[in-house]
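Participant: sequence below, structure please.
(chains A, B and C)
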Amino acid sequence: MTPVESKNRKELVNFSTLLIFSFFVILWIIPYFLNLYTVYVFTWLLIYIIAAYGLNLILGYAGQISLAQAAFMGIGAYVVAILTKLDYSFWIAFPLAGLLSFLVGIILGFPSLKVKHHYLAMVTIGFNFIIYKILMNEEQITGGPYGIMNIPRPTLGFISFESDLSFAHLVLIISLLMVFLMYYLLNTKWGRAFKMIRENEVRAEVVGVDLRSYKLVAFAIGSAYAGIAGGLLPPLFGYIEPTLFEFVISFDFLLMVLIGGRGRFVGPILGVSIVILLPEILRITEQLNLLIFSIIAIIVIVLVPEGASSLVDIAYKLFTGKKFPSLTK
Amino acid sequence: MLFQLIIGGTASGILYSLIAMGFSLLWQTSQTINFAQGDFVAASAFIMLISYSMFHFPYLLSLILTLIVAAFILGFIFKKLIVQRILEKGLMSIICATIAMSLLIQNSIIFYSPESQNFPSLIREGTISIFNANLSFLDIFNIFFAIIIIVILQLFLQKTKIGKALKAVAQNRETANILGIDVPKMIMLAFIINAVLSVFAAILVSPIYAAKYNMGSALGLRAFYAAIIGGFNQMRGALLGGLLIGYIEVLTTGYITAEYSEAVILLIVIAVILLKPEGIWGTKEIWSKEL
Amino acid sequence: MALNERKERKFMRKKILKISNLHKTFYGFRALNGINMNVNEGELLGIMGPNGSGKSTLLNCITGIFPNTDGKVFFRDKDITGWNSSSIFKIGIARTFQMVQIFPDMCVLDNILGALQESNGNMLQRLFQVNESKEKEKAMGMLDFLKISHLKNENAKNLSYGQQKLLDLGMALIADPSLILLDEPLAGVNLTLGKEIIEFILKLVKKKSCTVIIIEHNAKIMLDICSRIIILNEGKKLAEGKPEEIKSNKEVIKAYFGA
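Facilitator: Predicted structure coming up:
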């Protein structure tokens, strides 16, 4: 790197750090100004963003389609719910949720990624249906259609996250952590390998990329993200039930990633915000908004594959005259 | 008892076959994986309902109208407006777009009605007793009707000039092109045939299971599994795969439990992927990479 | 014969690639109809033949793009028949493509780094190799060699066709392969660039003493630079030998000019 480039890079890194820090501070302060319902939405948004980052890794970077994010959220959620009701600490249950999701992801992905067609997509659809069925039917373990109730909020030593505000802050910290981890991952050689797979699978293989291993690990990590996100739902609502993890929710995640911009680092944040907040703002009923969003998704895929992230590109160019730098390799 | 199960399995299986065959045709001719395949059936069912129940047109007229509308929207428009534009962007874009279409269709139907709708049947209710088994008229009728459709389709593909051209495109686009076949036209034909098959599947399946906005999800998924298990790249694979799924479904429901027939099917799908990825009756892909 | 001479002779006779009875059939069309050939260590082998003679198919079967229908491929006495492309790359066989294959939305430097990274260590190690200064040095070295280092931050899709061809070449060369397969490196390229590419190839063979197989149509250049040429026709080997022998081979002339 030339000295000029090195200086520019330092500037960019400093600027980014400042930006991120300010965002963090803003996000920390926001919940203080929100009413109860909105704090819930805020927290819920953050949780969904975690899961969306997982799907963005699978879809946008490794180029695979998973329609089971909801199912993995369900696995994570029920692991946390069941274990905390059995008086295990949240801090044991929570990582376990992620770990279990990761392992299930490996098991599910192992055969499905063996062949070239998008069998993973179809297998994940079936998997989602099956998980939903299990959650509904195995009443002894999952509480059936009524789910599990009276789930406590976590405590850490003498800090209690009982209040909505403090739990919102906890979720904020966790989600920021997950986003940073993703950032780190995508800037390693693994991240470059994922990108190569997405850009030109054949060429990637011919330069030595072991497609199967990378796709598998991307799927497992992405599913683990969903599991971790799911693990935060029980303490948020205090209860969980199967309809939270229906197949349609997996569709929703796909929409969020596509609308936000697949393979773009800020995509999930934009996508989740748009898909969840826009209907609230526009006061559209539930049925109509899915209709509208599926139309938007088709338009996005056909005409603007970069999704809402391209708006960020345009805005950045307008203000600085330069191309929006890629946040990942 | 077994005979009853077999007939039952054939009846549902052959409907899955119809849907899977359309799916296979789209894949073979244009490498399109249509995730909205099941929802095409749902859409056809509701077009039929609008014509028959809302406008009160007679059945046959409704059927013809549905065929025309479906061929136009699910065939022509689908191919021209959506598939054609995304084809070059890769398989994943097609899959994402068709997934979005699936949602679009379902939510449009909810607009009409979120509830289950009664669907007109060509055959009256009732059962007949053969060999000590109770077989419903509807099942027997469906089997015959579906067989007729399949036979017509096969005759079309093998005996007519256009059909043979379509088959050539399905086997190898490049060669077909060199032989002077109008490939884009044949692909459009494949899409239209797929729409037609969806309509027939709709009128056969809806009297049994009632028409609802989400009927497509389960149907489509079974059809995919049929295509995977039977073999994507051969029509006979889709046909036999569909029947197989029908039998598995019926046997699991009969001997284990209805709830987990899904799980059994998925396990078999995974087993097939691991052991014979081209499907039981499929042919090994000669191109192992898409260059 | 002196001991040294004997040793040298032995090295020259060492086969880096042995292809035995290779068949490839597409839907009844025999693209490769029983190819038998050997490639010697360190030689610059040319493969020529009219269109459809099976040149690219041969390359694709060797490098794991297509599964072959019959026959075997050996790399330094190791059976690599049916291996997948990434394993083949890792044991030292690299290739370029007739239709340039690059990573369009990644910058040029990343294209090269990507081609380099998978040959180092195992997957888990790679997760923690954050410091890439050595690799970047090597990549820049390659870009300098190919005279496209000024494009290092450009998106690969924005490059001209000729530049992309050079990038393709760079990606094949960066991991120090023992055997390089070039699929029509001069296709669609103007004279000056073509000359440069040839220069690069010749420099390479000398510097790294690797083996190069080139598929090309340009007879003049091939006869000029190759140490040995194989002519394919209709999936079979038509002729084989030194350029002078090929030039005067009646069968070859017949196949090419239909006399």
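Participant: could you tell me how far the longest helix along chain A lies from the centre of the chain?
Facilitator: Looking across chain A with DSSP state H, the single longest helix is helix A:3-29. Relative to the chain's own centre, helix A:3-29 is displaced by 23 Å; criterion: C-alpha atoms, centre = their mean, to the nearest Å.
Participant: list, one by one, the residues from the stretch 101-250 of chain A near chain C.
Facilitator: A:188-190, A:192-193, A:195-196, A:199-200, A:202-211, A:213-214, A:217 (C-beta under 8 Å from any C-beta of the partner chain). For the C-beta atoms, the positions are set from N, CA and C on the backbone; glycine is no exception.
Participant: any low-confidence regions in the chain?
Facilitator: No chain specified, so I'll use chain A. A:1-6, A:8-9, A:115-117, A:282-287, A:322-329 (pLDDT under 70).
Participant: my bad, the chain I had in mind was chain C
Facilitator: For chain C, counting by pLDDT under 70, the residues that fall below are C:1-13, C:27, C:254-259.
Participant: strands of that one, start to end?
Facilitator: Secondary structure of chain C (DSSP state E): strands located at C:15-26, C:29-40, C:44-48, C:70-75, C:78-79, C:93-95, C:179-183, C:211-215, C:228-233, C:236-241.
Participant: remind me what the longest helix of chain A packs against, helices and strands.
Facilitator: Contacts defined by 3 or more C-beta pairs under 8 Å, 6 or more residues apart in numbering or on different chains; DSSP states H and E place helix A:3-29 against helix A:164-186.
Participant: next, the angle from the helix it packs on to helix A:3-29.
Facilitator: 160 degrees (axes from the mean of the first three to the mean of the last three C-alpha atoms, to 10 degrees).
Participant: circling back: so is the very next helix or strand once past the longest helix of chain A next to chain B?
Facilitator: Counting by DSSP states H and E, the next helix or strand C-terminal to helix A:3-29 is helix A:36-56. No - between helix A:36-56 and chain B, judged by C-beta under 8 Å from any C-beta, nothing touches; the nearest distance is 11.6 Å.
Participant: how about helix A:36-56 against chain C, any contact?
Facilitator: No - shown here: helix A:36-56 not in contact with chain C (C-beta under 8 Å from any C-beta), separated by at least 15.6 Å.
Participant: I'd like to know which of the residues of the stretch 101-250 of chain A next to chain C are buried.
Facilitator: A:188-190, A:192-193, A:195-196, A:199-200, A:203-211, A:214, A:217 (16 or more other C-beta atoms under 10 Å in any protein chain shown).
Participant: please list which of those residues are also close to chain B.
Facilitator: Answer for those near chain B (C-beta under 8 Å from any C-beta): residue A:205.
Participant: inside helices: which ones of the buried ones among the residues of the stretch 101-250 of chain A next to chain C?
Facilitator: Using DSSP H, these in helices are A:189-190, A:192-193, A:195-196, A:199, A:203-206, A:211, A:214, A:217.
Participant: ok, those residues vs residue B:239, which is closest?
Facilitator: residue A:211 (31.9 Å; C-beta to C-beta).
Participant: hey, where'd the helices end up in the stretch 51-200 of chain C?
Facilitator: C:55-62, C:85-90, C:108-117, C:123-128, C:133-145, C:161-173, C:191-208 (DSSP state H, counting those that start in this stretch).
Participant: show me what contacts residue C:118?
Facilitator: Contacts for residue C:118 (C-beta atoms under 8 Å, 6 or more residues apart in numbering or on different chains) come out as A:193, A:207, A:208, A:209, A:210, C:86, C:89, C:90, C:126.
Participant: just checking, the fifth one touches residue C:122?
Facilitator: Read it as residue A:210. No - shown here, residue A:210 and residue C:122 do not form a contact pair, counting by C-beta atoms under 8 Å, at 9.7 Å.
Participant: neighbours of the closest residue to residue B:208 other than its chain neighbours, how many?
Facilitator: The shortest distance from residue B:208 to any non-neighbouring residue, by C-beta to C-beta, 6 or more residues apart in numbering or on different chains, is to residue B:138 (6.0 Å). Residues contacting residue B:138 under the criterion other C-beta atoms under 10 Å in any protein chain shown number 19.
Participant: now residue B:177
Facilitator: Based on other C-beta under 10 Å, the number of other residues close to residue B:177 is 14.
Participant: hang on, it packs against residue B:183?
Facilitator: Yes - Residue B:177 is within contact range of residue B:183, at 5.3 Å (criterion: C-beta under 8 Å).
Participant: what sits against the residue of the stretch 151-259 of chain C found nearest chain B?
Facilitator: Going by C-beta to the nearest C-beta, chain B is nearest to residue C:183 of the stretch 151-259 of chain C, at 11.2 Å. Contact partners of residue C:183, counting by C-beta under 8 Å, 6+ apart, are C:55, C:56, C:59, C:95, C:96, C:97, C:98, C:215.
Participant: sort out which one of those residues lies nearest chain B for me.
Facilitator: Closest to chain B, out of all of those and judged by C-beta to the nearest C-beta, is residue C:97, at 8.3 Å.
Participant: need the helices for chain B, in chain order.
Facilitator: All helices of chain B, identified by DSSP H, fall at B:2-30, B:37-49, B:59-70, B:84-87, B:91-112, B:137-159, B:161-171, B:173-178, B:183-209, B:215-230, B:235-255, B:261-275.
Participant: report the separation between the residue in chain C that chain A sits nearest to and residue C:166.
Facilitator: Using C-beta to the nearest C-beta, residue C:118 is the residue of chain C that sits closest to chain A, at 3.4 Å. Using C-beta to C-beta, to the nearest Å, one gets 21 Å for the distance from residue C:118 to residue C:166.
Participant: any idea which residue is closest to the centre of chain C?
Facilitator: residue C:181 (0.9 Å; C-alpha atoms, centre = their mean).
Participant: ok, the closest residue to that residue other than its chain neighbours - contacts?
Facilitator: Of all residues not flanking residue C:181 in the chain, residue C:95 sits nearest, at 4.1 Å (C-beta to C-beta, 6+ apart). Contacts for residue C:95 (C-beta under 8 Å, 6+ apart) come out as A:206, C:59, C:63, C:172, C:180, C:181, C:182, C:183.
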